[in-house]
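Asker: Any chance you can model this:
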Amino acid sequence: MLYKKKWPLIIFVIPGLLFMLIFLYLPFVENIKNSFYNMTAIIEMPGTKWKFIGLENYRNLFTDPTVRVAIWNSFKMMILTVVFEVGIAFVLAVLVSNIKKFQQVFRTVYFFPVVISATAIGLLFKLFYNYNGGMLNQILEFFGKEPVNWLGPDTAFAMICVPTIWSYIGFYFVIMLTGLSDISDDIYEAASIDGCSKFKQVFHITLPMLKPVFATCVTLAVTGALKVFDLPWVMVPNGAPQGSTHFLGTYMYQQTFGLGNYDYGSTLSLLIVVMGVLVSWIVGFFTKERD
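Answerer: Numbering: from 1, shown residues only. Now for the predicted structure:
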């Protein structure tokens, strides 16, 4: 009843719809088309026609060992982001929600890494991990230990995960804290009167009532893990060492802009989209409300 005439609403919706159509959906459709063609010829010899190769790029996905490494690393990152990003964010949100004074200070402090450029964070941690003169190796040498190649084959993946997870904890912390503020204090007071301790209140009140918020955070975490790119690329370009630290996003970028395989890069980008949709559906299935 607020808007009796609907045409002004449509007029204001159309610009946003056109923007999405031009810069998101049309390129996505074009990407699908590119995956069925060999685009190398037109890059090497401008003016030549694209060669239709059908499903060859998709067959290469199943035989490419780096794709398997990238998928496995992306799945490991999904698990780590759910356990540590969302888990630590929840613990911090519960602790901060019980602080009445300076709560805004804690919000700002924990959210601050989110607003820092991922490139800056990657360069900062790369300095920490440097073999010669890096902060971690300086500490080891101070205690008489041998320096460690932190970005070597055995430790590179873990060293990439640390800043990636740390930089987004504040994002989920703010979402959790907002969800906690929607839970009435009367419920906690009634539980306290009945003899329920603070620890039990977390499991019997906070967690059940935060289920929709948890579902949102987990969905964002797992889909975000599939799109991880900037931090790993800054710290270990080209998936070094030996491609063992490649994620789907970094491998797609290397193939597309590093090696000029635009058609194979389009195939990889479509794989990321399909996996993102499937993972989102699976997470939604397990987290949806049931009678």
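Asker: I'd guessed residue 173 sits against residue 110; true?
Answerer: Yes: counting by CB atoms under 8 Å, residue 173 does reach residue 110; the two are 4.9 Å apart. C-betas here are computed from N, CA, C, even on glycine.
Asker: Report how many residues lie close to the closest residue to residue 207 other than its chain neighbours.
Answerer: Nearest residue to residue 207 in three dimensions, chain neighbours excluded: residue 214, at 7.8 Å (CB to CB, 6 or more residues apart in numbering). By the criterion of other CB atoms under 10 Å, residue 214 has 19 neighbours.
Asker: Residue 214 is in contact with residue 86, isn't it?
Answerer: Yes: here residue 214 reaches residue 86: they are 7.2 Å apart, a contact under CB under 8 Å.
Asker: How about the contacts made by the closest residue to residue 103 other than its chain neighbours?
Answerer: Spatial nearest neighbour of residue 103, chain neighbours left out: residue 96 (6.0 Å); criterion: CB to CB, 6+ apart. Residue 96 makes contact with 103, 106, 107, 110, 173, 177 under the criterion CB atoms under 8 Å, 6 or more residues apart in numbering.
Asker: List only those of those residues flagged as buried.
Answerer: 106, 107, 110, 173, 177 (16 or more other CB atoms under 10 Å).
Asker: Tell me which residues are up against the helix or strand harbouring the third one.
Answerer: So the one you mean is residue 110. Using DSSP states H and E, the secondary-structure element containing residue 110 is helix 103-115. Residues from elsewhere that reach helix 103-115, judged by CB under 8 Å, 6+ apart: 92, 96-97, 99, 121, 166-171, 173-174, 177.
Asker: Got a quick ChimeraX command for the buried subset of those residues?
Answerer: The following ChimeraX line selects those of those that are buried, judged by 16+ other CB under 10 Å:
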select :92,96,97,121,166,167,168,169,170,171,173,174,177
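Asker: In helices, which of the contacts of helix 103-115 appear?
Answerer: Using DSSP state H, the subset of those located in helices is 92, 96-97, 121, 166-171, 173-174, 177.
Asker: which pair in those spans the largest distance?
Answerer: Spatially, the most separated pair among the ones in helices among the contacts of helix 103-115 is 97 and 121, at 27.0 Å (CB to CB).
Asker: Now the helix or strand encompassing residue 60: average pLDDT?
Answerer: According to DSSP H and E, residue 60 maps onto helix 56-63. Mean pLDDT, helix 56-63: 92.
Asker: now the next helix or strand after that helix against helix 56-63, angle please.
Answerer: Heading C-terminal from helix 56-63, the first helix or strand you meet, by DSSP H and E, is helix 65-80. Following axes from the mean of the first three to the mean of the last three CA atoms, to 10 degrees, one obtains 70 degrees for the angle between helix 65-80 and helix 56-63.
Asker: Number the chain from 32, please
Answerer: That works, and once the first residue is 32, the last one we named lands at helix 96-111.
Asker: What are the contacting residues of helix 96-111?
Answerer: 92, 188, 192, 195-196, 252-253, 256-257, 259, 270, 274-279, 281-282, 299, 302, 306, 310.
Asker: got it, and stretch 53-65?
Answerer: 293, 294, 297, 300, 301, 304.
Asker: what's the offset of that stretch from the middle of its chain?
Answerer: 22 Å (CA atoms, centre = their mean, to the nearest Å).
Asker: how about residue 180, what does it touch?
Answerer: 162, 186.
Asker: Is it in a helix, a strand, or coil?
Answerer: coil (DSSP: H, G, I helix; E, B strand; the rest coil).
Asker: pLDDT below threshold where in the stretch 32-181 of the chain?
Answerer: 32-34, 72-79 (pLDDT under 70).
Asker: again, only this time at 90
Answerer: Counting by pLDDT under 90, the ranges of the stretch 32-181 of the chain that qualify are 32-43, 65, 68-85, 93, 128-135, 137-138, 150, 163-164.
Asker: Name the residue closest to the centre of this structure, please.
Answerer: residue 255 (2.3 Å; CA atoms, centre = their mean).
Asker: Do you know the pLDDT at that residue?
Answerer: Residue 255 carries a pLDDT score of 90 in this model.
Asker: Please report the distance of it from residue 176.
Answerer: 35 Å (CB to CB, to the nearest Å).
Asker: Then residue 112?
Answerer: Counting by CB to CB, the gap from residue 112 to residue 176 is 31 Å.
Asker: Kindly report the same for residue 241.
Answerer: Residue 241 is 43 Å from residue 176, by CB to CB.
Asker: And residue 261, by the same measure?
Answerer: Taken as CB to CB, the span from residue 261 to residue 176 is 32 Å.
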